[in-house]
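Enquirer: return a 3D structure for these sequence lines:
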Amino acid sequence: MVDKRIFSGQEKLFSTLSEMLNPKHPLYKLADEILWEELEDAFLPHYSHTGRRAKPIRLMVSLLLLKQMYDLSDESVVEQWVQNPYFQYFSGEETFRWDFPCASSDLVHFRHRIGEKGVQKILEMSIKLHGQDALEKCVVADTTVQEKNITYPTDLKLHCKIIKRCRVIADHEGILLRQSYVRIEKELLLAQRFKKNPKTYKKAVKAQRKLRTIATRLSRELSRKLPEDRRYCYQSELDLFAKVLRQKKTDQNKIYSLHEPEVYCMSKGKEHKKYELGSKVSFLVTAHSGIITGAVSFAKNEYDGHTLAAALQQYNELTGKVPHEVIADRGYSGKKSVGETAITIPGKRKQGLTAYEKSTLRKKFRRRSSIEPIIGHLKSDTRLGRNYLKGRIGDMINAMLAAAAFNLRKWMRRFFAAFTVVLQIYQHRYWKQKYMAASIARF
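Expert: Residues are numbered from 1 along each chain as shown. Prediction:
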């Protein structure tokens, strides 16, 4: 039988989002649980009392969180905000809006405005949301690579980019180069296509040397012909070009990208990915509840054991406490403690341990592997797999926002699971009472 659609009439002319939306939706509940007033008070000193009115602080913070939680770009989160009423309620809107909340570039300015300390405040909020579950005495530590949004680096690519950039600077400043090398560059690049072929290997190597010579020649000519009053605008770029052209295959601290010179190369021993280009990030995760309580990005490829001091310092700033024990892998060997925190690493066991102590250590080391899937979810779900934010500050911001988004997603899953259990209990009681009533009426 086809169901008939019953029209009950319009109850209200203008309904608010709180009346329209499902109050049992996890994002609806999360919007009511977050202490937005604390974030607004913390970010208020970054704003002036004069000038054009800025966007609300809650709106900008919610857009940053939604972007990381649902793996969206700055442009996509602004577009989906218009279509999704739960996004708007999470941002503090009372009625549904049809226009864009802000320009996508406003998110860039807001990240620069609050800086690293402001994003750390957001991470602190996500930890406090879990209450006592985030204050365990034992935490698990591990490091991973946050890859940067750069192409795979080769000397040929860098030299070609230097040539193109020199031509752009010359056109912008009205400098007439002795030769632009546009036609020659195309011919040399064609010679590079079959470098692995033994018949054309020598020709390809010769073309690569020629491209390096052209890049050196253009950068020197540009440095000579730039006016003195304009040289300071491009001096850092010219120094970077010179460093790239001087570096060799066996050098250390090489430049792998012109627009991201801070990127460094790391090898984590992965079979499917021998080298990773980006920055090293250290995470601290509670041993049993799985809440991220620390996320620190490092400017250099630090040894894993040397990253614990900075990670524990951030843990103290976020929670106000110090963990009693850190469980880590053998990559952290070398230290047995950092301050008041003991470091437990699998290895040779002490003689004379009881069966209970051996069993406890075995459980701890098994629990250490729980951080591996958490890092996997951070990379696949919260934009840690590829960092699109520029510079060293972008590495820190992206790592902490990814950790905050993971904590919020975990809270939403817990709430949904708890709500489902309660609903099943009530349904079981309802059908049990109905069955008992039917049985009594039958007899």
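Enquirer: what sits against Ala403?
Expert: Contacts for Ala403 were tallied using Cβ atoms under 8 Å, 6 or more residues apart in numbering; they are Leu123, Ser126, Phe283, Ile292, Gly294, Ala295, Leu378, Thr382. C-beta coordinates here come from the backbone N, C-alpha and C atoms, glycine included.
Enquirer: the last one - how many residues pack around it?
Expert: The number of residues packed around Thr382, counting by other Cβ atoms under 10 Å, is 24.
Enquirer: again with the third one
Expert: Residue neighbour count, defined by other Cβ under 10 Å, stands at 26 for Phe283.
Enquirer: that one bridge partners, please.
Expert: Phe283 forms beta bridges with Asp142, Ala295, as assigned by DSSP bridges.
Enquirer: quick one: contacts for it?
Expert: 141-144, 292, 294-295, 311, 371, 374-375, 378, 403.
Enquirer: one more: the second one?
Expert: Residues counted as contacts of Ser126 (Cβ under 8 Å, 6+ apart) are Ala403, Ala404, Ala405, Asn407, Leu408, Trp411.
Enquirer: right, and the helix or strand after the helix or strand Glu221 falls within?
Expert: According to DSSP states H and E, Glu221 maps onto helix 201-225. Going down the chain from helix 201-225, the next helix or strand is helix 231-246, by DSSP H and E.
Enquirer: for that following helix, which positions count as buried?
Expert: Going by neighbour count (16 or more other Cβ atoms under 10 Å), the buried part of helix 231-246 is Tyr234, Glu237, Leu238, Leu240, Phe241, Val244, Leu245.
Enquirer: likewise stretch 171-179?
Expert: For stretch 171-179, burial by neighbour count (16+ other Cβ under 10 Å) applies to Ile175.
Enquirer: ok now it, how far from the chain's centre?
Expert: Chain-centre distance of stretch 171-179: 40 Å, with Cα atoms, centre = their mean, to the nearest Å.
Enquirer: local confidence estimate at Met266?
Expert: For Met266, the pLDDT comes out at 92.
Enquirer: residue contacts, it?
Expert: Val145, Tyr275, Glu276, Leu277, Gly278, Lys280, Asn301.
Enquirer: got the domain ranges for the chain?
Expert: 17-127, 129-151+263-407, 155-246 (automatic domain parsing).
Enquirer: looking at those domains, which is closest to Phe415?
Expert: Closest approach to Phe415 among the domains of the chain (Cβ to Cβ): domain 17-127, 5.4 Å.
Enquirer: that closest one: end-to-end distance?
Expert: 28 Å (Cα to Cα, to the nearest Å).
Enquirer: give me the nearest residue to Ala54, chain neighbours excluded.
Expert: Closest residue to Ala54 apart from its sequence neighbours, by Cβ to Cβ, 6 or more residues apart in numbering: Tyr47 at 6.0 Å.
Enquirer: likewise for Phe100?
Expert: Here the residue nearest Phe100, using Cβ to Cβ, 6+ apart, is Val78, at 5.7 Å.
Enquirer: do the same with Asp106
Expert: Closest residue to Asp106 apart from its sequence neighbours, by Cβ to Cβ, 6+ apart: Lys55 at 6.3 Å.
Enquirer: give the buried residues for stretch 264-281.
Expert: Result for stretch 264-281 [16+ other Cβ under 10 Å]: buried residues Tyr264, Met266, Glu276, Leu277, Gly278, Ser279, Lys280, Val281.
Enquirer: got the CA positions of that stretch in PDB?
Expert: The C-alpha trace of stretch 264-281 is given here as PDB (Å, rounded to 0.1, in the frame of the first residue of the first chain):
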ATOM      1  CA  TYR A 264      64.100  18.100   4.500                       C
ATOM      2  CA  CYS A 265      64.400  14.500   3.400                       C
ATOM      3  CA  MET A 266      63.700  11.600   5.800                       C
ATOM      4  CA  SER A 267      63.900   7.800   5.400                       C
ATOM      5  CA  LYS A 268      61.700   5.800   7.800                       C
ATOM      6  CA  GLY A 269      62.500   2.400   6.400                       C
ATOM      7  CA  LYS A 270      59.200   2.000   4.500                       C
ATOM      8  CA  GLU A 271      59.300  -0.500   1.600                       C
ATOM      9  CA  HIS A 272      56.700   1.300  -0.400                       C
ATOM     10  CA  LYS A 273      58.100   4.800   0.200                       C
ATOM     11  CA  LYS A 274      61.900   5.000   0.600                       C
ATOM     12  CA  TYR A 275      62.100   8.800   1.100                       C
ATOM     13  CA  GLU A 276      59.600  11.300   2.500                       C
ATOM     14  CA  LEU A 277      59.900  15.100   2.100                       C
ATOM     15  CA  GLY A 278      58.400  17.300   4.800                       C
ATOM     16  CA  SER A 279      58.800  17.700   8.500                       C
ATOM     17  CA  LYS A 280      59.000  15.300  11.500                       C
ATOM     18  CA  VAL A 281      56.000  15.300  13.900                       C
END
